[in-house]
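Asks: here's my sequence, what's the structure:
(one chain, ligands or ions: 2)
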Amino acid sequence: MKIRIDDIKEKPLVLSAEEEVAGYPVLSRMQEEGECAFLSPVGLQVTATREYDLFRVSGSVGVAVRMACSRCLVEFAADLRSAFTIYFSRESSRGADEDEVELAEQDLVTATFSGDEIDLLDEMQEQVVMEIPFKPLCREECQGLCSRCGADLNQGDCGCERAVAGLSFSALQDFKAVK
Ligand SMILES: [Zn+2]
Ligand SMILES: [Zn+2]
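Replies: Numbering: from 1, shown residues only. Ligands and ions are numbered 1, 2, ... in the order given. Model (predicted):
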């Protein structure tokens, strides 16, 4: 999504859009590399407001994604959604009066833009990437796979002796042999 600076007047500018994942290079690459599959376009709801020299862009970005559970390997779908507030300032040629900028204002700025529009692509991409879990879980209490026979323990107990404390030496030998 691109926001034309001239469209941000005194009243907040409210925008929404659905954008194809193909338009987001980092997300497309994740999909190509098989890390996850996106099941919907990227949905954006955005409010842009002028605040003195800054532009405050807040809202939410969401997308449906399919991932493999890191415990049981079953694929599952999830809706990722992230709320954000980003302050944009105009990119300045880094001159001597840079130091003159009030520190309080500088601390707010999380991104810059140049020209006559704010391009949200990089920021929205980053929001989505941050929402993708490093170790996805199909559900919090997922039991994972049996370390001996590989059965999905969410489907019920496979009957293997898995308690580490009760693992006899011969069972350990069997386990190694199976591997
Ligand atoms: Zn799982
Ligand atoms: Zn088992």
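Asks: only C-alpha atoms from now on, for both contacts and neighbour counts.
Replies: OK.
Asks: how about the residues of this structure by ligand 2?
Replies: Contact residues, the chain versus ligand 2 (Cα under 5 Å from the ion): 146, 148-149, 158, 160.
Asks: among those residues, which pair sits farthest apart?
Replies: Pairwise distances across the residues of the chain next to ligand 2 peak at 9.6 Å for Arg148 and Cys158 (criterion: Cα to Cα).
Asks: ok, back up a step: restricted to helices, list the residues of the chain next to ligand 2.
Replies: Within the residues of the chain next to ligand 2, no residue falls in helices by DSSP state H.
Asks: now these as a markdown table including neighbour count and pLDDT?
Replies: Output for the residues of the chain next to ligand 2, formatted as a markdown table (neighbours: other Cα atoms under 10 Å; pLDDT from 0 to 100):
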| residue | neighbour count | pLDDT |
| --- | --- | --- |
| Cys146 | 19 | 94 |
| Arg148 | 17 | 92 |
| Cys149 | 12 | 94 |
| Cys158 | 16 | 93 |
| Cys160 | 11 | 92 |
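Asks: name the nearest of those residues relative to Val21.
Replies: Cys146 (36.1 Å).
Asks: wait, isn't the closest one in contact with Asn154?
Replies: No - using Cα atoms under 8 Å, Cys146 is not in contact with Asn154, being 9.9 Å away.
Asks: and this protein, what are its domains?
Replies: Following automatic domain parsing, one gets these domains for the chain: 2-142, 144-179.
Asks: worst mean pLDDT among those?
Replies: If the domains of the chain are sorted by mean pLDDT, domain 144-179 sits at the bottom with a mean of 72.
Asks: give me the number of residues near Arg81?
Replies: Neighbour count for Arg81, taken as other Cα atoms under 10 Å: 18.
Asks: what packs against the host helix or strand of it?
Replies: In the assignment (DSSP states H and E), Arg81 maps to strand 75-90. Helices and strands touching strand 75-90, by 3 or more Cα pairs under 8 Å, 6 or more residues apart in numbering; DSSP states H and E, are strand 54-68, strand 109-113, helix 121-131.
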